[in-house]
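1. The sequence and its predicted three-dimensional model are supplied below.
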Amino acid sequence: NAGVTQTPKFQVLKTGQSMTLQCAQDMNHEYMSWYRQDPGMGLRLIHYSVGAGITDQGEVPNGYNVSRSTTEDFPLRLLSAAPSQTSVYFCASSYSRKGTTEAFFGQGTRLTVV
Amino acid sequence: DAKTTQPNSMESNEEEPVHLPCNHSTISGTDYIHWYRQLPSQGPEYVIHGLTSNVNNRMASLAIAEDRKSSTLILHRATLRDAAVYYCIRTDSNYQLIWGAGTKLIIKP
C-alpha cells in the first residue's frame, strides 16, 4: 500500500518563487493536514481539510494556500517563498478528524529557500 | 497551554524495558493521548493512543494515570531500531494534534 505520498522529496527555491508541494493518499481518508517541522522542534499545523471542498487554517497558515478538490489529493502552495519557510513539510491523513484514530504521515519534503 | 511535558532525552540499554513519561495536567475529559515516534529523516509514525484505560498493541503499552494528568509509554524490550524522538500529544479544542519537542530516546547496545 502506498499510504501517503509526498512529492518532491527535496526542493530549493529562490526567494519570491512559488511552488506546490503535492500530497496524495490512497486510504480514502476524509481528514488531511499539512505540517512544518523546524530543526529540533515538533510539528506545527499549517492547514487542514475535513473533506473535499473544505479547508481551514492551522497554527501557522501565513504564506501558504491549500485546496481540496478530491478526497485523495491535498496540495500545499507557497505563494512567494521566503527564507523563513525553509523547513521540512509533512502531509498526514486520518480516518477521523477527532483525534480518535491514527494519522499516517508522508516521508516529508525538505524545502530550502535561498 | 495544550502542550504536554516530556523529558528532552532518555537513555536505555538494548533489550531492556523503557518507560517514557509524559505530563498533561490540563487535559480535558474527552481528549485522547497519542504517542508518535519519528526516526531520523523520516515522517512521524503512530505508536499508540488511549483515553482512560491502559492500552496495548504490538509496538508498545500505554499506561494512563487514573486522574489522566500523566501517562507513560512502555517499550517492553527496546532494540536499536527504537532509537527515535517520541512525541506525547494531546488534541486541542478543534481536535488538532498539538506537538511538543518530544523525548529523544537513545538506545545503548
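-> On my side now, so go ahead.

2. Pass me the low-pLDDT residue ranges in chain A, would you?
-> Across chain A, the ranges flagged by pLDDT under 70 are A:1, A:99.

3. Identify the residues contacting the residue nearest the centre of it.
-> Most central in chain A under C-alpha atoms, centre = their mean is A:W34, positioned 2.8 Å from the mean C-alpha point. Under the criterion of C-beta atoms under 8 Å, 6 or more residues apart in numbering or on different chains, the contact list for A:W34 reads A:21, A:23, A:45-48, A:58, A:64, A:66, A:74, A:76, A:89-92. Quick note: C-beta positions are derived from backbone N, CA and C, even for glycine.

4. would you list every one of the strands in the chain?
-> In the absence of a named chain, this looks at chain A. Counting by DSSP state E, chain A has strands at residues A:4-7, A:10-13, A:19-25, A:31-37, A:43-51, A:54-57, A:64-66, A:76-78, A:87-94, A:103-105, A:109-113.

5. Please refer instead to chain B.
-> Under DSSP E, chain B gives strands at B:9-13, B:18-23, B:33-38, B:45-50, B:55-56, B:61-64, B:70-75, B:84-91, B:97-98, B:103-108.

6. Worst mean pLDDT among these?
-> Comparing these by mean pLDDT, the weakest confidence falls on strand B:97-98, with a mean of 86.

7. how about that strand against chain A, any contact?
-> Yes: counting by C-beta under 8 Å from any C-beta of the partner chain, chain A has neighbours in strand B:97-98: B:L97.

8. Neighbouring strands - and their directions - for that strand?
-> strand B:84-91 (antiparallel) (DSSP bridges).

9. and chain B, which residues reach chain A?
-> Going by C-beta under 8 Å from any C-beta, the residues of chain B near chain A are B:31-32, B:34, B:36, B:41-46, B:49, B:87, B:91, B:95-97, B:99-102.

10. Against chain B, how distant is the closest residue to A:W34 other than its chain neighbours?
-> Excluding the flanking residues, the one nearest A:W34 by C-beta to C-beta, 6 or more residues apart in numbering or on different chains is A:I46, at 4.4 Å. In this view, A:I46 and chain B are 11 Å apart by C-beta to the nearest C-beta, to the nearest Å.

11. Counting neighbours, which of the contacts of A:W34 comes out on top?
-> A:F74 (29 neighbours; other C-beta atoms under 10 Å in any protein chain shown).

12. thought it was touching A:V66?
-> Yes: A:F74 is within contact range of A:V66, at 6.5 Å (criterion: C-beta atoms under 8 Å).

13. anything in contact with each of the two?
-> Counting by C-beta under 8 Å, 6+ apart, the residues touching both A:F74 and A:V66 are A:34, A:49.

14. if we can go back for a sec, which one of the strands of chain A is the most hemmed in?
-> Using mean count of other C-beta atoms under 10 Å in any protein chain shown, the stretch among the strands of chain A with the greatest mean number of neighbours is strand A:31-37 (a mean of 25).

15. thinking again about what came up before, can you redo the strands of chain B as TSV with mean neighbour count?
-> TSV is the format used below for the strands of chain B (neighbours: other C-beta atoms under 10 Å in any protein chain shown):
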stretch	mean neighbour count
strand B:9-13	13
strand B:18-23	18
strand B:33-38	24
strand B:45-50	19
strand B:55-56	15
strand B:61-64	19
strand B:70-75	20
strand B:84-91	24
strand B:97-98	22
strand B:103-108	17
